[in-house]
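> using only what follows, build the 3D model:
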Amino acid sequence: MLQLHRATVFGRPRPRAGSGLGRLCQRGYLVDCSKIYLDRSSSGGFVSRARAKIRRGETLELGVVRLLPVEGSRCPLVLPWSGSRWASGSGCLQFYHATSQPEEASAKVVPTGEEQFVVIALRDIEPHEELVRLDETLHSRGFAAQPSAQVSNGAGEESRWIDCSKVEARPDAWGGVGVYATQRISSGELVERGVVQPLPVDGNICQYVFTWSEDRSVWATGSGCSVFYNASLDGSENTSMTRHLEDETFEIFALRDIEKGEELTHLYKSIEWRSCFRELKAIRDDALQRKTLDNERAEFTEYWADHSSPTIETMMLDTDAASIDKLERPEILSQIPSVAGKDVLELGAGIGRFSGLLARKARRVVAVDFVAAACAENRHANAEQKNLEVIQADVTALQLEPTSFDLVFSNWLFMYLTDEECRELAAKLLGWLRPGGHLFFRESCFHASGNAARRFNPTKYRTPEQKVSPANKRHLMMLQTGQYAPAKILRYEKIYGRGYIYTGGDEISQKLVDLGQPNLQPGASVLDVGCGAGGTAYYLASHCPGIFVHGANWSSEMASFNAGRLPQVPSELRARVSFELTPECGVPENELRYPPNIFDLVVIRETFMYLEPEDKAVILRKVKKMLRPGGRVLIIDYCRGRPALSQTFQSHIRRWHYDCSSPAELEELLAHHFEVSLAEDHTQDFIKYMEEGLARIEENLGPSTWKVGQMDLDNSQEKIQDALKGLPEEVQKEASEAAMEKLKLYKASIESDIEIQKEDYHWVKDTWSLERQAAMDGDLKWYIFVGKKGDLSS
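Numbers count the residues shown, from 1 in each chain. All right, here's what the predicted structure looks like:
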């Protein structure tokens, strides 16, 4: 288990021998506030009180401080510490009232080491008396004494607000402080409860405070041992904190059974976005990546253990493999260069479907496979090929001589490797190939092939873009933004409506119907360029009887999404709507190659903004050839509102790779190819749609949707056990444990989904608000253009 203390990451010193820390460690702990309890004051805050009578000179509590990047003159709640530094304290120290007058004080904080302290009673203290610490710097810092709490709202409930009796803070293995269980703690049991003290500290700079508001603007330190839980960086954390933001309290629960003496660890959720955790996040990501690689490699090993029978049916995971092989092999072999007299490396060779064929022509073939039984069958089936060497090995660990092959051939291999393994193997392949050599690989994309039953399937069915590096800027843009992943598409639909990833939903689709009506008679053909999730295509087809709509997308994720949705459409509509993947925005010469004069109407909806000026011209030239005489092109797009854009909007369009032409520029470009009959400003409509979108963001993604019903696991376990009565005791126990594990996973899944939704909410709200403001300020215009193709002589 990989853990890392915050202090270790940020270079805090290891305690010196003989320091206060060392002396306290002889007592077995660093934090002890057992003589004190917290009480809610009439003002709503918390105060520290004595549980029993304490004599003058007696130790009230001992603990550890956290040095904070805060100026003491701004906050009376921090302690002066070693010169001009300021700190917060563990246990109950944060909740003592402070005074600069010795006669008013009942306790004094005494440093015992670099970052350790004891609190000593300055006089006899009565049971339940409020504790007031002496802080002689208060007056010089410009603060009066903090008022005492005259009324208690929780008298007699001494363990209600703070309980850290099951844990202790002591030195960890990295030179910092960790929290350890003082007894066995069962899964789901309370580990520690406590309260927090908000502080004027920036948690993006300081790692020793908790996030204490949904908008990430409030930060707080906690009581007891709460600020000393180390981070688990490999997903093996054993505790989780539940924060009650409204009343400034928290509870820490065990995520699994914890043994006495075991260190307690948290998952730092804010590691994803707090800048002070950047180095910690890098270490965490590296650890998780290594763990993921190990787990995935183990999964693939188990997967091929299930499918290790040396037959072609097992190899191709299909009961009709023999028939498929007869068609497939000639097709594949026709696409590789000549291997006559060449050295060939075959990876993922299996039972040797291609090994023998390659060896008959090549000078030498080295065939590698992971499955021992497959290698044995390959050797047996191709025994007469003396120039064939079969090696049983894991390709991720394969070592071969550089520049030793003319061809590397692979059929179905990379989909059984992780992304990182693919990158590492690709680098090796280039090293093994001679100058001028060839690499051939063939993979299944998008989904599983073959009809064989699988107990589980860890195969990576990637998209074509993921398999081949982007060759140009426009291709790279689609990958970098990542805004059309299936989860993101569904997020857009919550805002715009089913089938829409762009502004205006059905209302704008109806506008397109109205504008294109002369060209939407029964039998008409429509091309939707950049068709998104299909909303416009389906709307046109369903509102214009007898027309045919063809959608072109350049995102493979979007194309896959549409392919999955199409079977759900009524058959009559499905017969008149089709979709196609056209890479690189349809700009290359071999894309969008339809016969001339085939379409009556072309729709380009919020698509041009992703194209550079020269690419916009290419698309319009292609569209003109495809349109019949009298055909129309309808364009809706973002436009640059003014020559000098605000810095905020400039950063926004750079981030999303927008290239916004001015309305005049776009109209001029359109006029080179068509008769422009409309160039209309609809910015006010855009603002209205963005305001409606913001309302739907609040409704579908906002804080009101983040609440998850409380799942009573204890009650659930009782119900499960009742349902299993009558079964043997051992069976009851195993079945009950399995069911509870599923319930816990389900609860964790719901909580994880809510965290993702929170991230989505903040991102979407900020983006929609920014574009709405840009339109209101004049940076952004939203235009509709209509162009008509003239007669054949045009």
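> my read is residue 391 is in a strand, agree?
Yes - assessed with DSSP: H, G, I helix; E, B strand; the rest coil, residue 391 lies in a strand.
> and it, how far is that from residue 374?
From residue 391 across to residue 374, the span is 12 Å (C-beta to C-beta, to the nearest Å). Using the backbone N, CA and C atoms, a C-beta is placed for each residue, glycine as well.
> more neighbours: the two, which one.
Between residue 391 and residue 374, residue 374 has the larger neighbour count (other C-beta atoms under 10 Å), namely 26 against 14.
> pretty sure that one sits against residue 311.
No - applying C-beta atoms under 8 Å, one finds residue 374 not in contact with residue 311, separated by 9.6 Å.
> which neighbours do these two have in common?
Common neighbours of residue 374 and residue 311, using C-beta atoms under 8 Å, 6 or more residues apart in numbering, are residue 351.
> for this structure, name the helix or strand with the lowest mean pLDDT.
In the chain, the helix or strand scored least confidently by mean pLDDT, DSSP states H and E is helix 20-25, which has a mean of 33.
> the following helix or strand past it pairs with which strands?
Following helix 20-25 in sequence order, the next helix or strand is strand 36-40 (DSSP states H and E). Strand 36-40 pairs in its sheet with strand 46-50 (antiparallel), by DSSP bridges.
> mean confidence score for the helix or strand just after the partner strand?
Going down the chain from strand 46-50, the next helix or strand is strand 59-68, by DSSP H and E. Strand 59-68 carries an average pLDDT of 92.
> got it, and stretch 380-393?
94.
> residues touching that stretch, excluding its own?
The contact list for stretch 380-393 (C-beta under 8 Å, 6+ apart) reads 349, 351-352, 355-356, 359-360, 362-372, 375, 378-379, 398.
> name the helices or strands packed onto the longest helix belonging to the chain?
Looking across the chain with DSSP state H, the single longest helix is helix 729-777. Of the remaining helices and strands, those touching helix 729-777 by 3 or more C-beta pairs under 8 Å, 6 or more residues apart in numbering; DSSP states H and E are helix 486-496, helix 647-655, helix 683-701, helix 713-723, strand 780-788.
> make it 10 Å
Counting contacts by 3 or more C-beta pairs under 10 Å, 6 or more residues apart in numbering; DSSP states H and E, helix 729-777 is packed against helix 486-496, strand 627-640, helix 647-655, helix 683-701, helix 713-723, strand 780-788.
> worst mean pLDDT among these?
Among the helices and strands packed on helix 729-777, helix 713-723 has the lowest mean pLDDT, at a mean of 78.
> what is it packed up against?
Looks like helix 713-723 contacts helix 729-777 (3+ C-beta pairs under 10 Å, 6+ apart).
> just checking, which of the contacts of stretch 380-393 belong to helices?
Assigned to helices by DSSP H, the following of those qualify: 355-356, 359-360, 372, 375, 378-379.
> for residue 217, see how far away residue 231 is.
Distance from residue 231 to residue 217, by C-beta to C-beta: 23 Å.
> neighbour count winner among the two?
Counted by other C-beta under 10 Å, residue 231 and residue 217 do not tie: residue 231 has more neighbours, with 23 against 10.
> how close does the more buried one sit to residue 299?
For residue 231, the distance to residue 299 equals 26 Å [C-beta to C-beta].
> can you select the buried ones among the contacts of stretch 380-393 for me in PyMOL?
Selection of buried members from those for PyMOL, criterion 16 or more other C-beta atoms under 10 Å:
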select buried, resi 349+351+352+355+356+359+362+364+365+366+367+368+369+370+371+375+378+379
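> which neighbours do residue 391 and residue 374 share?
Common contact partners of residue 391 and residue 374 (C-beta atoms under 10 Å, 6 or more residues apart in numbering): 349, 367.
> just confirm residue 204 is within a strand.
No - counting by three-state DSSP, residue 204 falls outside a strand, being coil.
> next one, pLDDT for it please.
Confidence at residue 204, expressed as pLDDT, is 88.
> for it, give me its contacts.
Taking C-beta under 10 Å, 6+ apart, we find residue 204 in contact with 216, 219, 270, 273-278.
> so who does the closest residue to it other than its chain neighbours touch?
Leaving aside its chain neighbours, residue 204 sits nearest to residue 275 (4.7 Å; criterion: C-beta to C-beta, 6 or more residues apart in numbering). Applying C-beta under 10 Å, 6+ apart, we find residue 275 in contact with 202-205, 207, 281.
> can you redo those as a markdown table with distance to residue 570?
Listed next are the contacts of residue 275 as a markdown table, based on distance: C-beta to C-beta, whole Å:
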| residue | distance to residue 570 |
| --- | --- |
| 202 | 56 |
| 203 | 53 |
| 204 | 52 |
| 205 | 57 |
| 207 | 56 |
| 281 | 48 |
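> which of these sits closest to residue 425?
Residue 425 has its nearest neighbour among these in residue 281, at 27.0 Å by C-beta to C-beta.
> burial of that closest one, as a residue count?
Using other C-beta under 10 Å, residue 281 has 19 other residues around it.
> repeat for the one 10 residues further on
Burial of residue 291, expressed as a neighbour count using other C-beta under 10 Å, amounts to 15.
> which residue, other than its chain neighbours, is closest to it?
Excluding its sequence neighbours, the residue lying closest to residue 291 (C-beta to C-beta, 6+ apart) is residue 234, at 5.2 Å.
> can you tell me the SS state at the one you found?
Three-state call for residue 234 (three-state DSSP): coil.
> how about it, phi and psi?
Note on residue 234: backbone dihedrals following degrees, to the nearest 10 are phi -120, psi 20.
> buried residues in stretch 569-582?
Within stretch 569-582, the residues that qualify as buried are 569, 576-577, 579-582, counting by 16+ other C-beta under 10 Å.
> restricting to C-alpha, output that stretch in CSV.
What follows is stretch 569-582, C-alpha atoms only, in CSV (Å, rounded to 0.1, in the frame of the first residue of the first chain):
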residue,chain,number,x,y,z
VAL,A,569,-35.6,4.9,-33.9
PRO,A,570,-39.0,3.8,-35.4
SER,A,571,-38.4,1.8,-38.6
GLU,A,572,-40.1,4.3,-41.0
LEU,A,573,-37.8,7.1,-39.8
ARG,A,574,-34.8,4.8,-39.6
ALA,A,575,-35.2,4.0,-43.3
ARG,A,576,-34.8,7.7,-44.1
VAL,A,577,-31.9,8.7,-41.8
SER,A,578,-28.3,7.5,-42.1
PHE,A,579,-24.9,8.5,-40.6
GLU,A,580,-21.3,8.4,-41.7
LEU,A,581,-17.9,9.1,-40.2
THR,A,582,-15.9,11.6,-42.3
